[in-house]
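> my questions concern the predicted model and sequence given below.
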Amino acid sequence: MSIRNKFLVVGMVLLFILTGFFREFTFLNINEQIRVAYYNSPDSHLSPSFQWLTAFDFETLYYLKWPVTLLFCGIFGLYSAVTVNLIFREKQYVKIVWLSYAGVFGLSFLFFGIGLLFGLGNVTYDIARFLAGIIETPAMLVILVASFLILRRT
């Protein structure tokens, strides 16, 4: 890997970290407004930049988390695809990155849906949340890069 690509990979890792902090900030604010809406609480602790969330009711905020999760999944998938491309320069690996992100998101959504359909939300939500957490952190990138390194050595 060239020196330029090494610097770009470091930049992608930093971008991953910064986006992760913004993701966390976003969900903290959504969850805070969910709390306020659910309990009709007058003591909101929303950030000024997220005051627009006050226009939504509890149910809308609750289900808004899925498209926001999908958005961040797409962003982290893009970061991972770019990083894998910089490291390996293999189009097949980039395809695997996208398929992995889509597959884990789909599986998470499936568990959530099964929980809703069969009244098992307490059990399946934790699984869905765990899977979504994998694709909204650098964990998936670490797993994929390690897998590709092993694959190259065999």
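Received the coordinates, thanks.

> which helix runs longest in this protein?
Using DSSP state H to define each element, the chain has its longest helix at helix 3-39.

> packing partners of that helix?
Helices and strands touching helix 3-39, as assessed by 3 or more C-beta pairs under 8 Å, 6 or more residues apart in numbering; DSSP states H and E, comprise helix 58-88. Using the backbone N, CA and C atoms, a C-beta is placed for each residue, glycine as well.

> so what does the helix or strand following the helix it packs on touch, helix or strand wise?
As assigned by DSSP states H and E, the chain's next helix or strand after helix 58-88 is helix 91-118. For helix 91-118, the helices and strands in contact under the criterion 3+ C-beta pairs under 8 Å, 6+ apart are helix 58-88, helix 121-135, helix 139-153.

> check which residues of the longest helix of the chain are buried.
Neighbour-count burial for helix 3-39, counted by 16 or more other C-beta atoms under 10 Å, picks out 8-9, 12, 15-16, 20, 23, 26, 29-30, 32-34, 36-37.

> what angle do that helix and helix 139-153 make?
For the pair helix 3-39 and helix 139-153, the angle between their directions (axes from the mean of the first three to the mean of the last three C-alpha atoms, to 10 degrees) equals 150 degrees.

> let me see the mean pLDDT of helix 3-39.
Averaged across helix 3-39, the pLDDT comes to 95.

> now do it: distance to the chain's middle.
9 Å (C-alpha atoms, centre = their mean, to the nearest Å).
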